[in-house]
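*Asks:* give the three-dimensional model of this entry:
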Amino acid sequence: MNLTIRTHHTSLFDDFEPHAAERLARLERWLPRVDDVVVEVEHEETRAAAHRYAVQVTVRSGSSVLRAEERAADPRVALDAAADVLSRQARRHKKRLHDRHLPAKEMVADALNASAPPPGPPEPDEEEEYVLGKIVRVKHFTAKPISQEEALAQMDLLGHDFYLFLDEATDDYAVLYKRDDGDHGLLSPRRG
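*Replies:* Residues are numbered from 1 along each chain as shown. The predicted structure is shown next:
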């Protein structure tokens, strides 16, 4: 396990790194191939002292990525809470990998083949106002080609409503998203 600790606007206690290594080493019970663990600690000036330290932990295990973020008055307490969240995610991930009741291929095929209800016509008296926003955060990541089944499992593991991935079948980017009816959709652009 390669542990990296990054700090923003703070310096850490001397015992933080050994504490983090000990707490996060427990993840190897459920994830035998933990490659990289990145712990980001940020001190924020908040009104509530209980939320001063934000600790975000990102774990890479093979092609899976687990992430948790917690806040507390002490960075060690926030790390412990994030480690508990990651443990639950890792157990759920391991159970999902070993659960053979409904193969992942059937779940993805059913989700992707579900027919979408036709969109209704817009209300004539509705006027939408476009509000221009700004980009406040940019994330860069390395994309390895994965299958649609793996993308669905990864999206569920992270708890996100969408997941951008490099589809190994088409060698193009695709977006898997959660629909309001509980099924999933896939956006797969074609080059023009």
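*Asks:* from here on, just use CA atoms for contacts and neighbour counts.
*Replies:* OK.
*Asks:* any weak-confidence spans in the protein?
*Replies:* For the chain, the stretches with pLDDT under 70 are 97-132.
*Asks:* in it, which residue is most central in space?
*Replies:* residue 158 (3.2 Å; CA atoms, centre = their mean).
*Asks:* for it, what are its contacts?
*Replies:* Under the criterion of CA atoms under 8 Å, 6 or more residues apart in numbering, the neighbours of residue 158 are 65-67.
*Asks:* and it, how far is that from residue 9?
*Replies:* 27 Å (CA to CA, to the nearest Å).
*Asks:* elements contacting the lengthiest helix in the chain?
*Replies:* Across the chain, the helix with the greatest residue count (assigned by DSSP state H) is helix 75-98. Secondary-structure packing of helix 75-98 (3 or more CA pairs under 8 Å, 6 or more residues apart in numbering; DSSP states H and E): helix 16-25, strand 53-61, strand 64-72, helix 148-158.
*Asks:* check these for me and report the most buried one.
*Replies:* Sort the helices and strands packed on helix 75-98 by mean neighbour count, taking mean count of other CA atoms under 10 Å, and strand 53-61 sits at the top with a mean of 21.
*Asks:* that one: how far from the chain's middle?
*Replies:* Between the centre of strand 53-61 and the centre of its host chain there is 10 Å, according to CA atoms, centre = their mean, to the nearest Å.
*Asks:* I figured residue 40 hits residue 53, correct?
*Replies:* No - checked against CA atoms under 8 Å, the pair residue 40 and residue 53 is beyond contact range at 10.1 Å.
*Asks:* can you give me how far the longest helix of the chain is from the chain middle?
*Replies:* Between the centre of helix 75-98 and the centre of its host chain there is 12 Å, according to CA atoms, centre = their mean.
*Asks:* what's the angle between that helix and helix 16-25?
*Replies:* 20 degrees (axes from the mean of the first three to the mean of the last three CA atoms, to 10 degrees).
*Asks:* ok and helix 75-98 relative to strand 64-72, angle-wise?
*Replies:* Between helix 75-98 and strand 64-72, the angle formed by their directions is 150 degrees, by the same axes, to 10 degrees.
*Asks:* what sits up against helix 75-98?
*Replies:* Helix 75-98 has contacts (CA under 8 Å, 6+ apart) with 16, 19-20, 23-24, 27, 30-31, 41, 53-57, 66-72, 157.
*Asks:* could you dump it to PDB, C-alpha only?
*Replies:* C-alpha atoms of helix 75-98 as PDB (Å, rounded to 0.1, in the frame of the first residue of the first chain):
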ATOM      1  CA  PRO A  75      -8.100  15.500  11.600                       C
ATOM      2  CA  ARG A  76      -7.600  12.100  13.300                       C
ATOM      3  CA  VAL A  77     -11.300  11.800  14.100                       C
ATOM      4  CA  ALA A  78     -12.200  12.800  10.500                       C
ATOM      5  CA  LEU A  79      -9.800  10.200   9.200                       C
ATOM      6  CA  ASP A  80     -11.300   7.500  11.500                       C
ATOM      7  CA  ALA A  81     -14.800   8.400  10.200                       C
ATOM      8  CA  ALA A  82     -13.600   8.300   6.600                       C
ATOM      9  CA  ALA A  83     -11.900   4.900   7.200                       C
ATOM     10  CA  ASP A  84     -15.200   3.500   8.600                       C
ATOM     11  CA  VAL A  85     -17.000   4.700   5.400                       C
ATOM     12  CA  LEU A  86     -14.400   3.100   3.200                       C
ATOM     13  CA  SER A  87     -14.600  -0.200   5.200                       C
ATOM     14  CA  ARG A  88     -18.300  -0.300   4.500                       C
ATOM     15  CA  GLN A  89     -17.800   0.400   0.800                       C
ATOM     16  CA  ALA A  90     -15.000  -2.200   0.600                       C
ATOM     17  CA  ARG A  91     -17.200  -4.900   2.200                       C
ATOM     18  CA  ARG A  92     -20.100  -4.000  -0.100                       C
ATOM     19  CA  HIS A  93     -17.800  -4.100  -3.100                       C
ATOM     20  CA  LYS A  94     -16.400  -7.500  -2.100                       C
ATOM     21  CA  LYS A  95     -19.900  -8.900  -1.500                       C
ATOM     22  CA  ARG A  96     -20.900  -7.600  -4.900                       C
ATOM     23  CA  LEU A  97     -18.000  -9.300  -6.600                       C
ATOM     24  CA  HIS A  98     -18.700 -12.600  -5.100                       C
END
